[in-house]
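Trainee: Got a predicted model here, sequence first, then my questions.
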Amino acid sequence: MYDAFRNEEALALYKRAFSYDSSFAVRLRLSRTHFDYGLDLMAQSDEETAKVHFEEAILQAQSLVSTYPDSSQSHFMLAATMGNLAQFENGKEKVVIGRMVEKHSRKAISLDSTWAYPYVSLGIYFRELSRLSWLEKTLAKVFYGRIPNISEEDVLDLLLRAAEIKPDFPFLHYEIAMTYMMFDNQTEALKHFDILVGLQPETSQDVRNQQNAQKLMASMEGSG
């Protein structure tokens, strides 16, 4: 079901499996499927239910970190799920969540520096941090202490490092393209959108990203 992007049905099956098998593999897949189904619901504008699934994904990821602390996948899963929950919070809370995203992304990298995924979660966190307003950053510093100064190069270095490790990662190319768009570099954005649409989607989010990329490419090329 999961490979066919039928996340709601896959989630029901993983929940059933988890009732008698709480192994690493099942718990990881359960966390990931809650996460992906939450993204499906966000795409349907059902933010309330999506948040419930993101919170469930975090609970499973926290359990993974607790039970398998030496697994890069455990720490990445917690970073990724927490990062997605940050979109529901204000600037100060985003910084608090973001510090956890940074912590667990860095831990995942330290455990396996040859795995692309945690570079992506850290790069996206840095990108979102760079988008906070001056007021949000100031308040965050007052209440929560230092926050890192992030440059465009810092963000792109992480994402492009991930692309060196896993060049056929659809989600990554979408995020690289959107980052270039944010930094007003349409030429590089188009390159990564073009790579994205030529790859086999791995998740339902990849399918949506490919569709959005095609629309953006048409718009950009039409205005060129």
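Mentor: Now that the structure is in, tell me what you want to look at.
Trainee: what's near enough to touch residue 14?
Mentor: Going by C-beta atoms under 8 Å, 6 or more residues apart in numbering, residue 14 touches 26, 29-30, 33. Placement of C-beta: from N, CA and C, glycine included.
Trainee: so of those residues, which ones are in helices?
Mentor: Among the contacts of residue 14, the members falling in helices (DSSP state H) are 26, 29-30, 33.
Trainee: Is it possible to get those out as CSV so that each row also shows pLDDT, neighbour count and distance to residue 56?
Mentor: Putting these into CSV (pLDDT from 0 to 100; neighbours: other C-beta atoms under 10 Å; distance: C-beta to C-beta, whole Å) gives the following:
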residue, pLDDT, neighbour count, distance to residue 56
26, 93, 17, 14
29, 94, 19, 13
30, 94, 25, 8
33, 95, 25, 10
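Trainee: Distance to residue 163 added to those residues, as CSV?
Mentor: Formatted as CSV, these follow (distance: C-beta to C-beta, whole Å):
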residue, distance to residue 163
26, 30
29, 25
30, 29
33, 26
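Trainee: Show me which of these is closest to residue 194.
Mentor: Nearest to residue 194 out of the ones in helices among the contacts of residue 14 is residue 33 (C-beta to C-beta; 29.8 Å).
Trainee: who touches the closest one in this structure?
Mentor: 2, 7, 10-11, 14.
Trainee: Identify the residues contacting stretch 76-84?
Mentor: 28, 31-32, 35, 38-39, 54, 57-58, 60-62, 64-65, 97-98, 100-105, 108, 115, 117-118, 121-122, 124-125, 128.
Trainee: Could you point out the helix or strand that follows the worst-scoring helix or strand of the chain on mean pLDDT?
Mentor: The weakest-scoring helix or strand in the chain, judged by mean pLDDT, DSSP states H and E, is helix 134-144 (a mean of 60). As assigned by DSSP states H and E, the chain's next helix or strand after helix 134-144 is helix 152-165.
Trainee: Appreciated, that's everything.
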